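J.: Fold the following and give me the result.
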Amino acid sequence: MPTVIMSLEAVLKEVKQRDFVDIWDQEPYERIKEYGKNILLIHGDRDSIVPVSYSDKLAETIDHVEYHVIQGADHGCLGEDFNLAVSYIRDFLKAEQDAAQG
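T.: Residues are numbered from 1 along each chain as shown. Predicted structure coming up:
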């Protein structure tokens, strides 16, 4: 057995159940309020994996969010949608950098 796999096995044997957070006991929309930094949220309105309503709710829950819904985009925002998503990311990061520099 390769050393990496053996090491991973050794680590996993040490992990106790209490070290895991039960995802079903979490309230993500409440927990995100604790995150004090600005958030960029981009979602395609034709996302076949995650309903856009999840992002709508998240955007309504917090006040430090920049939210963009890309019309016609699926989960990966590919093609022209990808370029639009990248422009949102670039603009967001530039604004964050400018704000940090004062």
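J.: Got the phi and psi for residue 74?
T.: In terms of degrees, to the nearest 10, the main-chain angles of residue 74 are phi -90, psi -170.
J.: so what's it up against?
T.: Under the criterion of CB atoms under 8 Å, 6 or more residues apart in numbering, the contact list for residue 74 reads 44, 46, 47, 48, 81. Every residue, glycine included, has its C-beta placed from N, CA and C.
J.: Could you do residue 77 as well?
T.: Applying CB under 8 Å, 6+ apart, the residues contacting residue 77 are 42, 44, 70, 84, 85.
J.: helix/strand/coil for residue 83?
T.: helix (DSSP: H, G, I helix; E, B strand; the rest coil).
J.: How confident is the prediction for it, by pLDDT?
T.: At residue 83, the pLDDT value in this model is 93.
J.: List of residues touching stretch 86-98?
T.: Contacts made with stretch 86-98 from outside it, assessed by CB under 8 Å, 6+ apart, are listed as 38, 40, 42, 66, 68.
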